[in-house]
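Chemist: Predicted coordinates and the sequence they were generated for:
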Amino acid sequence: MNEPIITVRIQNDERVVASSAFPLELLAIVAGLRIASKRPGLRKIVTDCEAALKLLSSPEKLNYWGNKANVALIKAAIALNEGKGNIEHAHSHPESRLHKTRWTRNDNGNFIADRVAVGDYGSLSEYKQLNFIETNTFDVITDLACIQTWFIASDDGVINLSPLVELAQANEAKLYLAERDVWHHKRLGREKDAPVEAFWSDRTLQHAAVIWELGTANTKNTARAQRIIFDKHWHSWNQAKADADIKTMCERCGEEDSLRHLLVECQHVHGKEVRDECIATVRHDLLYNVNMENREFADLLFTLITTDPDKHCMYTGLWTSGLRQRLAEGLSCLQTKYTKKKLEEWKKILVRTGQTLTQAARSLSGLRFQEVDEMPRHTAMSFKERIAEARKDKAGRKSEQAKKRKKALAKKKNRLTSLGLVNKNPLSEDENPLSLGDGNPSSTVDEHAHNFLDTLLDLLELEGSQNVSEAFSIGGVT
Ligand SMILES: [Zn+2]
């Protein structure tokens, strides 16, 4: 308690983007190694991040890990570590395991690091010779740049710690939406250099891919889904883009027609019946399939689905930034603590609700391919059947996946054992470097100073574990 201690707090800088907590754990280790390399005698790094440790102790697997986490940081760590085993593991959260009098030096260090990370200096008064240094991720990375390695940054200097493959794919998808915005504004006849608000850019592509289940859909269903998601059907309002004489009134109710009209506005009896059944299904789910702790979140979601000006985007999955903003505002009123567990429960609720809405979107759009006086192929009854069928299919797929995952884990364990790396437990999901936080249920996401909404959307993004451009086969969607 009386030896001199220096702490370095690396706060996240907005110029650095990380898609999970894992690269930040790596960054801290690399910073530690860098300091150690400057001070002979200072040679031991202790971390509670087991995933990082495993990774750094097996550089021969760099290629395997390369597309999962940030290659540049791993390379820097390996270069600095010079292949010597200077990093060791310590168990996290000694305060929940042992009485303070029984803490080892590592336990004390771990506790101090945890408190400093959240800026809670008040809990550390018993450490008499404690010195604090505050810095940020941007400055640390800038300093590390003199090691012979590299990082990815955007034109305005924002550094991205996401895996490379992910970056490339996200970029491709982003370019597609930006391109659409250019045409969108051209078509509306705006001046070339007039300021234009984004219409298609900045939407939640991965969320759409997840709720439309594009990862498992066949080609026909994927094509149909994409026509709805990107408003590509050959409906009158889209035909009118080529021929201004085409009338864009809804054939069924005479109002101005559009994707929004079709999904949430049209009051024609056939569409309304399906939509009402969908909303009733969603309401029932949010009331009876959501536990008490998440009831307020469910209420908020239902309010958005029924009243938000962009509610039609919840049917397509491409949330606008306004819609996300209103979700964030609603959440800030709940005054809840965002734990990893809670975020994952909310994500499940969001995905399940979104999937009900996509079924309605399919039916509503299907009705448009029938004559008004024909017997409707899509009714409240058929909607109910489709939902039941989709849920049965999904449950079947989930149990298939669970079996596969079990097999893969066993295989992974065998492989690691043969390399002599791990032989005790198979890697659990919490140890996966892509998982958020340290897997300890008591750790809270807001302690990591994450913007909550980003985290929620990150979780949505990670859940898909499929890449955006593959899911949408961007080349084909024009
Ligand atoms: Zn109508």
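Modeler: Received it, and whenever you're ready, just let me know what you need.

Chemist: ok, now which ones touch the residue in the stretch 301-450 of the chain that the ion sits nearest to?
Modeler: Across the stretch 301-450 of the chain, no residue is closer to the ion than Arg368, which sits at 9.8 Å (Cβ to the ion). Every C-beta, even on glycine, is put in place using the N, C-alpha and C of the backbone. Arg368 sits next to His233, His235, Leu262 when contact means Cβ atoms under 8 Å, 6 or more residues apart in numbering.

Chemist: What number of residues are in the vicinity of Val269?
Modeler: Val269 sits with 10 neighbouring residues when counted by other Cβ atoms under 10 Å.

Chemist: how about the strands in this structure?
Modeler: If DSSP state E is used as the criterion, the strands of the chain fall at 5-11, 16-17, 45-47, 87-89, 130-136, 152-153, 159-160.

Chemist: and of these, who's closest to the ion?
Modeler: Taking Cβ to the ion, strand 16-17 is the member of those nearest to the ion, at 42.3 Å.

Chemist: Tabulate the strands of the chain (a markdown table), appending mean neighbour count.
Modeler: Shown next, in a markdown table, are those (neighbours: other Cβ atoms under 10 Å):
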| stretch | mean neighbour count |
| --- | --- |
| strand 5-11 | 16 |
| strand 16-17 | 21 |
| strand 45-47 | 20 |
| strand 87-89 | 16 |
| strand 130-136 | 13 |
| strand 152-153 | 16 |
| strand 159-160 | 20 |
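
Chemist: mind putting these in JSON lines, mean pLDDT and distance to Asn108 included?
Modeler: Converted to JSON lines, these look like this (pLDDT from 0 to 100; distance: least, Cβ to Cβ, whole Å):
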{"stretch": "strand 5-11", "mean pLDDT": "86", "distance to Asn108": "9"}
{"stretch": "strand 16-17", "mean pLDDT": "69", "distance to Asn108": "29"}
{"stretch": "strand 45-47", "mean pLDDT": "85", "distance to Asn108": "11"}
{"stretch": "strand 87-89", "mean pLDDT": "82", "distance to Asn108": "15"}
{"stretch": "strand 130-136", "mean pLDDT": "85", "distance to Asn108": "11"}
{"stretch": "strand 152-153", "mean pLDDT": "59", "distance to Asn108": "37"}
{"stretch": "strand 159-160", "mean pLDDT": "58", "distance to Asn108": "32"}
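
Chemist: Can you check which of these gets nearest to Asn414?
Modeler: strand 87-89 (22.2 Å; Cβ to Cβ).

Chemist: Pull up the pairing partners for that closest one, direction included.
Modeler: strand 45-47 (parallel) (DSSP bridges).

Chemist: residues in contact with the strand it pairs with?
Modeler: Strand 45-47 has contacts (Cβ under 8 Å, 6+ apart) with 25, 28-29, 32-33, 36, 53, 86-90, 106, 109-110.

Chemist: try stretch 386-396
Modeler: Glu213, Thr281, Gln355, Thr356, Gln359, Arg362, Ser363.

Chemist: Just flag the most distant two among these.
Modeler: Greatest spacing in the contacts of stretch 386-396, by Cβ to Cβ: Glu213 and Thr281 (17.2 Å).

Chemist: Need the CA coordinates for stretch 333-346. PDB is fine.
Modeler: Extracted in PDB, the C-alpha atoms of stretch 333-346 (Å, rounded to 0.1, in the frame of the first residue of the first chain):
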ATOM      1  CA  CYS A 333     -35.500   8.900 -19.700                       C
ATOM      2  CA  LEU A 334     -35.500   5.300 -18.400                       C
ATOM      3  CA  GLN A 335     -32.500   6.000 -16.200                       C
ATOM      4  CA  THR A 336     -31.500   2.400 -16.200                       C
ATOM      5  CA  LYS A 337     -28.000   1.000 -15.800                       C
ATOM      6  CA  TYR A 338     -26.800  -0.600 -19.000                       C
ATOM      7  CA  THR A 339     -25.400  -4.000 -18.300                       C
ATOM      8  CA  LYS A 340     -24.100  -6.300 -20.900                       C
ATOM      9  CA  LYS A 341     -26.900  -8.700 -20.000                       C
ATOM     10  CA  LYS A 342     -29.600  -6.000 -20.400                       C
ATOM     11  CA  LEU A 343     -28.200  -4.900 -23.800                       C
ATOM     12  CA  GLU A 344     -28.400  -8.400 -25.100                       C
ATOM     13  CA  GLU A 345     -31.900  -8.900 -23.900                       C
ATOM     14  CA  TRP A 346     -33.000  -5.600 -25.500                       C
END
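
Chemist: quick one: low-confidence parts of the stretch 301-450 of the chain?
Modeler: The model of the stretch 301-450 of the chain has pLDDT under 70 over residues 416, 418-450.

Chemist: which residues of it fall in helices?
Modeler: 312-316, 321-334, 340-367, 380-418 (DSSP state H, counting those that start in this stretch).

Chemist: I'm done for today, thanks for sticking with me.
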